[in-house]
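Student: Provided below are the primary sequence and the corresponding predicted coordinates.
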Amino acid sequence: MKEPTLTAADHTWVRLQEAANPMASLAVLFFAQVLPIDSLKSLVEDRLMSFERFRQRILPSRLPLGRPRWHEGDDFALDNHLFRATLSPKGTARDLESLISRLLVEPMATDQPLWQLHLIEEVDGGSVLVVKIHQSVADGTSASRIVLGLASTESGQHPAEIDYKGLEAHLRTEEVVETASQPGSTVRSLCSLIAQRSDTDSSLMGKPTHPREVAWSQSFPLIRLRSFATRLEASETELLLAAVTAALRQELIRLDLLPESVLLRAVVPCNLRSPQQDPFGSRFALAVLPLPVGRTTVRSRLRKLGQELDDLGSTPGSLAVFQAPEDPGFRMSEVEDQITRQLVKKTTLLLSLAPQPTEPLYFCGHKLEDWLYWPAQAGPQRLCLGLAATSDQIRLGVTVDGGSAADPRRLARAFEQALAEIAAASGETT
């Protein structure tokens with residue numbers, strides 16, 4: 001039987017990975033109880049092993065200059081992908097952050113399928129499950145849904161369809177998605193990026209050169225966020241983006257930059273895959289979203305963000321997918337290398353909003369209390385912010401290149417302070 005070759009995009013993710021950017025998505029799931037390792041193993045065998053991609057490793061092509069191929073051998077063993085770890089009895093939140101930082105950048109064995117699960121036991125009496133999936137196995141927007149697909153609802157059923165909430169609600173207009181899916185959109189997006197101004201130079205920008213450090217905010221109740229949205233006549237997404245913008249403004253001030261004169265944009269991954277489509281292969285788009293760090297009040301940030309989102313959602317060509325151009329004068333690797341270089345200059349950070357389940361989810365009978373998610377970075381930004389929500393609360397995860405002047409814990413605290421400012425602006429009384 002002929003073994004399938006990697007697509008041009010999937011080959012690019014393998015080729016562009018490096019120590020400072022391992023090109024892997026990372027999910028961190030928190031539980032109040034310790035997940036039984038045997039039950040977790042059975043869950044993975046039942047849910048993940050049904051996908052052949054999770055049993056396949058990458059082998060070089062048999063042909064000169066050919067793309068690598070997916071190979072399923074007879075030696076697959078789940079023990080090579082499911083690992084256990086523990087914190088010391090005196091382990092702190094900082095120790096957990098350090099451990100997850102190490103897991104994020106630790107290279108995966110190239111002679112194995114490129115995914116791992118790490119069960120960290122005895123974390124405040126509970127456990128943390130870290131799921132790592134290489135971008136070539138599943139793109140960042142699809143990997144998050146695969147992770148949530150391991151769960152069940154309280155009644156024991158597979159989770160209900162994950163809503164396309166957040167930025168996708170603003171950007172996934174029929175016209176925009178259709179334009180993004182047309183052949184040649186990758187080349188057009190390259191031309192668009194070249195024509196745009198570069199973001200203001202700062203230590204937040206630049207190609208990653210050091211291992212990453214992670215941190216996260218405290219959880220925030222979604223019921224409060226919805227209340228703020230009603231009072232401020234804004235969407236929940238706009239409120240979250242306003243909080244992120246305010247946190248970045250504080251970081252710029254600390255770096256002695258004048259926010260009012262700074263152009264700062266985020267590259268935002270957007271899912272283009274319907275729930276019925278195969279979860280493998282690259283089927284995502286990138287949007288470039290300006291963040292109004294120069295605005296000084298909650299309401300002015302919300303007004304400006306609403307305008308920016310409306311512009312993106314109503315402009316054909318605002319999203320671009322990574323796909324092979326039809327023009328034989330281009331090679332996919334050349335185009336994507338150029339896009340990668342342009343993203344370093346034209347954007348400052350990657351910002352993602354993970355899919356949100358509509359009801360509580362359970363893994364091995366234990367409720368998912370909280371989770372964090374960072375997609376693989378198609379562009380080598382130093383800073384990555386990820387918003388992930390359960391059915392009732394949300395939190396921000398931060399990863400920062402170790403060579404950057406930014407501090408992930410300070411950014412996470414600034415996000416919490418920004419939510420408090422939004423509460424005050426909405427007129428919330430305590």
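Tutor: Great, that's in hand.
Student: Spatially central, which residue of this protein would that be?
Tutor: With distances taken as CA atoms, centre = their mean, the chain has residue 375 as the residue nearest its mean C-alpha position (2.7 Å).
Student: any idea of the pLDDT on the closest residue to it other than its chain neighbours?
Tutor: Nearest-residue entry for residue 375: residue 140, 2.6 Å, with adjacent residues in sequence omitted and distances by CB to CB, 6 or more residues apart in numbering. Quick note: C-beta positions are derived from backbone N, CA and C, even for glycine. Looking at residue 140, its pLDDT stands at 86.
Student: Residue 140 contacts residue 386, correct?
Tutor: No - at 9.7 Å, residue 140 does not count as touching residue 386 under the criterion of CB atoms under 8 Å.
Student: overlap in contacts of the two?
Tutor: Shared contacts of residue 140 and residue 386, defined by CB atoms under 8 Å, 6 or more residues apart in numbering, comprise 352, 375.
Student: so where's the protein shaky on pLDDT?
Tutor: Judged by pLDDT under 70, the chain has its weakly predicted residues at 1, 160-195, 275, 316-342, 344, 378-380, 429-430.
Student: could you measure residue 43 against residue 31, distance?
Tutor: Here the criterion is CB to CB, to the nearest Å. By it, residue 43 lies 13 Å from residue 31.
Student: Looking at the two now, which is surrounded by more residues?
Tutor: Remark: of residue 43 and residue 31, residue 31 carries more neighbours, 22 against 19, as counted by other CB atoms under 10 Å.
Student: give the contact list for the more buried one.
Tutor: Residue 31 sits in contact with 126-129, 363, 366-369, where contact means CB under 8 Å, 6+ apart.
Student: and it, bridged to which residues?
Tutor: residue 127, residue 368 (DSSP bridges).
Student: Counting neighbours, what do you get for the residue nearest to residue 375?
Tutor: Here the count is done by other CB under 10 Å, and residue 140 has 27 residues near it.
Student: Check the one 4 residues further on too.
Tutor: By other CB under 10 Å, the residues close to residue 144 number 28.
Student: same check, this time on residue 221
Tutor: Should you count by other CB under 10 Å, residue 221 turns out to have 11 residues around it.
Student: Let me know the closest of the contacts of residue 31 to residue 94.
Tutor: Proximity of those to residue 94 (CB to CB) peaks at residue 128, which lies at 14.2 Å.
Student: wouldn't that closest one be in contact with residue 28 here?
Tutor: Yes - at 6.3 Å, residue 128 counts as touching residue 28 under the criterion of CB under 8 Å.
Student: I figured residue 362 hits residue 151, correct?
Tutor: Yes - Residue 362 is in contact with residue 151 according to CB under 8 Å; the separation is 6.0 Å.
Student: Now for the two: what residues contact both?
Tutor: Common neighbours of residue 362 and residue 151 (criterion: CB under 8 Å, 6+ apart): residue 368.
Student: Could you check which of the two is surrounded by more residues?
Tutor: When neighbours are counted by other CB under 10 Å, residue 151 comes out ahead of the other of residue 362 and residue 151, with 19 against 16.
Student: Would you mind measuring from the more buried one to residue 253?
Tutor: Taking CB to CB as the criterion, residue 151 is separated from residue 253 by 40 Å.
Student: Are we agreed that residue 50 is in a helix?
Tutor: No - per DSSP: H, G, I helix; E, B strand; the rest coil, residue 50 lies outside any helix segment and is coil.
Student: Residue 268 against residue 289, yeah?
Tutor: Yes - in this structure, residue 268 sits in contact with residue 289. The criterion is CB under 8 Å, and the distance is 5.3 Å.
Student: out of these two, which sits in the more crowded spot?
Tutor: residue 268 (23 against 20).
Student: Now do the phi/psi pair for that one.
Tutor: Recorded main-chain torsions at residue 268 are phi -120, psi 120, according to degrees, to the nearest 10.
Student: What's opposite it in the beta bridge?
Tutor: As for beta bridges, residue 268 partners with residue 287 under DSSP bridges.
Student: ok, it to residue 247 distance?
Tutor: Applying CB to CB, the value for residue 268 to residue 247 is 16 Å.
Student: Over to stretch 144-157 now: how far is its first residue from its last?
Tutor: For stretch 144-157, the separation between the terminal residues is 19 Å (CA to CA, to the nearest Å).
Student: How far off centre is that stretch?
Tutor: 19 Å (CA atoms, centre = their mean, to the nearest Å).
Student: Sort out which residues of that stretch are buried, please.
Tutor: Within stretch 144-157, the residues scored as buried using 16 or more other CB atoms under 10 Å are 144-152.
Student: just stretch 27-45 next, same as before
Tutor: The neighbour-count check on stretch 27-45 (16+ other CB under 10 Å) flags 27-31, 34-35, 40-41, 43-44 as buried.
Student: same thing with stretch 79-87?
Tutor: Buried-residue list, stretch 79-87, by 16+ other CB under 10 Å: 81-82, 87.
Student: Which members of those occur in strands, if any?
Tutor: The strands, defined by DSSP state E, take in residue 82 from the buried residues of stretch 79-87.
Student: Any chance of CSV for the buried residues of stretch 79-87, columns distance to residue 346?
Tutor: Formatted as CSV, these follow (distance: CB to CB, whole Å):
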residue, distance to residue 346
81, 37
82, 40
87, 40
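Student: Looking at the buried residues of stretch 79-87, which one is closest to residue 212?
Tutor: Using CB to CB, residue 87 comes nearest to residue 212 of the buried residues of stretch 79-87, at 19.7 Å.
Student: So that closest one is in contact with residue 123, correct?
Tutor: Yes - taking CB under 8 Å as the contact criterion, residue 87 and residue 123 are neighbours in contact, 6.0 Å apart.
Student: which stretches of the stretch 201-350 of the chain form strands?
Tutor: 212-216, 220-221, 265-271, 284-290, 320-321, 349-353 (DSSP state E, counting those that start in this stretch).
Student: For the residue lying closest to residue 30 once chain neighbours are set aside, which residues are in contact?
Tutor: Nearest non-adjacent residue to residue 30, counting by CB to CB, 6+ apart: residue 370, 4.2 Å away. By CB under 8 Å, 6+ apart, the residues touching residue 370 are 29-30, 219, 390, 393, 395.
Student: Helices along the stretch 251-400 of the chain, start to end?
Tutor: If you assign secondary structure with DSSP state H, counting those that start in this stretch, the helices in the stretch 251-400 of the chain sit at 298-314, 332-346.
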